[in-house]
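Visitor: structure here, sequence nowhere to be found:
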């Protein structure tokens, strides 16, 4: 293997490492957003569930008490 081939391989290796690092950073951001979405969906689900309970149970002020705790 000649010296120019080795230099080319090293340059390609550095570029691949840079791209891999960039992909890892993007994946990390995607995972953070996914966790936030999951948490928000859980909150929406809980609030809908509580509103259904309130509708089925005549408990005046229940929703305002629960919302005050959130």
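Guide: Yep, it's here. Computed from a prediction, not measured in an experiment: that's the story for all the values here. Numbering: from 1, shown residues only.
Visitor: mind showing which ranges of the chain have poor pLDDT?
Guide: In the predicted model, the chain carries pLDDT under 70 at residues 57-70.
Visitor: the same query, at a cut-off of 90, please.
Guide: Within the chain, the stretches with pLDDT under 90 are 1-6, 37-70.
Visitor: scan the chain for its longest helix.
Guide: When secondary structure is assigned using DSSP state H, the longest helix within the chain turns out to be helix 3-56.
Visitor: check which helices and strands it sits against.
Guide: helix 62-69 (3 or more CB pairs under 8 Å, 6 or more residues apart in numbering; DSSP states H and E). Yep, even glycine has a C-beta here, placed from its N, CA and C like the rest.
Visitor: and residue 53, how many neighbours?
Guide: 13 (other CB atoms under 10 Å).
Visitor: tell me how far it lies from residue 44.
Guide: To residue 44, residue 53 is 15 Å away according to CB to CB, to the nearest Å.
Visitor: before we move on, what about residue 4?
Guide: Per CB to CB, residue 4 is found 60 Å from residue 44.
Visitor: same check on residue 54?
Guide: For residue 54, the distance to residue 44 - CB to CB - is 16 Å.
Visitor: between those two, which has more neighbouring residues?
Guide: Using other CB under 10 Å, the more surrounded residue of residue 54 and residue 44 is residue 54, with 17 against 10.
Visitor: how many residues are close by residue 50?
Guide: Residue 50 has 15 nearby residues by other CB under 10 Å.
Visitor: could you do residue 14 as well?
Guide: Residue 14 has 10 nearby residues by other CB under 10 Å.
Visitor: likewise residue 51?
Guide: Look at residue 51: counted by other CB under 10 Å, it has 13 neighbours.
Visitor: fine, thanks again, bye for now.
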